[in-house]
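Participant: One predicted model, sequence on top.
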Amino acid sequence: MQRDIQKLKAYFADAPADISLDDVDLERIPSHVSLIMDGTGRWAQARGLDRSRGHVAGVDSLREAVTTSVRLGIDVLSAYAFSTENWKRPQREVNLLMHLFATTLVKELPLFHQENVRLRFLGDLDALPKETRDVFQRGLDETAGYDGMTFALAVNYGSRAEIARAARLIAADVASGALAPEDVDVDAISGRLYTAGLPDPDLLIRTSGELRLSNYLLWQLAYTEMYVTDTLWPDFDRWEYLRGVRAFQGRGRRYGGVVSS
Ligand code: FPP
């Protein structure tokens, strides 16, 4: 965890009435925060705009969420950008999202450089258009040496497919003799997920009020605290993020035991 207190205080100046930096304990900031960015289509439709305008507006919220995470000293920020089920959307919307991922990543690379953010992707990238894949690879290459926050973007991600993939990898290792059946344990599975090496999320924030996991990180969210806000993703800002952290800190985490931390 790295945090610049001066920058942090300046970033959270001009607080609204109900929440300020003083409301959170900087000693108990979650290590991994994960985002289900929902409601971008509804945000646009409520304004009489094309759904795509909501996705474009959502990029600004995601940029702010990255900066907020860095300022707070979060170790890992992950975000669900495109699911394995999202291919069912109209082709035009899918194309726009793929193009948006590529153009946004190029545009935001300076932020990653400036803030020492290492990029990572969760999901099967092979199915993405070449333009998007190439830009993602460039992002991975350019940020590989950074040791500040990790930003993990889930694209063409589905949790069941991820777990099935881990099972295939394990089966292959067992078949080749590299892994004994009795050594197939929780760590063996965790180590073969797209999130291998990352801590499980401490806090999951879902926008737009839906009480669903939507095939997102089903394995990794086993003990994650959830914060669901009615705010639509394009309206999600640093203060809503802080409300989520405050809610997280108000929970007693027991991991199935009885001692609350
Ligand atoms: C879910 O809202 C949102 C998406 C499928 C797209 C999320 C993508 C962004 C916010 C842009 C991120 C950009 C980059 C570069 C990662 P929805 O479309 O399901 O909205 P609805 O529930 O209101 O229909």
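Facilitator: Looks like it arrived, so ask away.
Participant: State the distance from the closest residue to the ligand within the stretch 51-200 of the chain to residue 70.
Facilitator: Nearest residue of the stretch 51-200 of the chain to the ligand: residue 58, at 2.7 Å (CB to the nearest ligand atom). C-beta: built from backbone N, CA, C; applies to glycine. Distance, residue 58 to residue 70, using CB to CB, to the nearest Å: 19 Å.
Participant: Same question for residue 9.
Facilitator: 14 Å.
Participant: Show me where this protein dips below the pLDDT cut-off.
Facilitator: Across the chain, the ranges flagged by pLDDT under 70 are 259-261.
Participant: same thing but 50
Facilitator: Judged against pLDDT under 50, the chain has no low-scoring part.
Participant: Would you mind finding the longest helix in it?
Facilitator: Looking across the chain with DSSP state H, the single longest helix is helix 91-115.
Participant: How about residues contacting it?
Facilitator: The contact list for helix 91-115, computed with CB atoms under 8 Å, 6 or more residues apart in numbering, reads 51-52, 55-56, 59, 63, 66-67, 70, 81-82, 86-87, 89, 117-119, 128-129, 131-132, 134-136, 138-139, 142-143, 146, 148-149, 151, 153, 155.
Participant: The protein: helices as residue ranges?
Facilitator: Here the chain has its helices, by DSSP H, at 5-11, 40-45, 51-72, 91-115, 130-143, 159-176, 186-190, 238-249.
Participant: want to throw those helices into TSV with mean neighbour count?
Facilitator: Shown next, in TSV, are these (neighbours: other CB atoms under 10 Å):
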stretch	mean neighbour count
helix 5-11	12
helix 40-45	20
helix 51-72	20
helix 91-115	15
helix 130-143	16
helix 159-176	15
helix 186-190	13
helix 238-249	20
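Participant: Nearest to residue 256, out of these?
Facilitator: Residue 256 lies closest to helix 186-190 among the helices of the chain, at 13.6 Å (CB to CB).
Participant: which residues does the closest residue to residue 211 other than its chain neighbours contact?
Facilitator: Using CB to CB, 6 or more residues apart in numbering and skipping the chain neighbours, the partner closest in space to residue 211 is residue 228 (6.1 Å). For residue 228, the contact set (CB under 8 Å, 6+ apart) comprises 205-207, 209-211.
Participant: So which bits of the stretch 51-200 of the chain are right by the ligand?
Facilitator: Within the stretch 51-200 of the chain, the positions lying close to the ligand (CB under 6 Å from any ligand atom) are 55, 58-59, 62, 81, 86, 100-101, 104, 153.
Participant: one more time with 8 Å, if that's ok
Facilitator: 51, 54-56, 58-59, 61-62, 79-83, 86, 89, 93, 97, 100-101, 104-105, 108, 153, 155 (CB under 8 Å from any ligand atom).
Participant: Pull the contacting residues for residue 18.
Facilitator: residue 243 are the contacts of residue 18 under CB under 8 Å, 6+ apart.
Participant: any idea how far it is from residue 236?
Facilitator: In terms of CB to CB, residue 18 sits 16 Å off from residue 236.
Participant: same check, this time on residue 21
Facilitator: 18 Å.
Participant: And for residue 5?
Facilitator: With CB to CB as the criterion, residue 5 and residue 236 are 24 Å apart.
Participant: Contact partners for the residue of the stretch 51-200 of the chain closest to the ligand?
Facilitator: Counting by CB under 8 Å, 6+ apart, residue 58 has contacts 37, 40, 43, 233-234.
Participant: what's near enough to touch the closest residue to it other than its chain neighbours?
Facilitator: Using CB to CB, 6+ apart and skipping residues adjacent in sequence, the residue nearest residue 58 is residue 40, 4.4 Å away. Contact analysis of residue 40 by CB under 8 Å, 6+ apart lists 51, 54-55, 57-58, 232-234.
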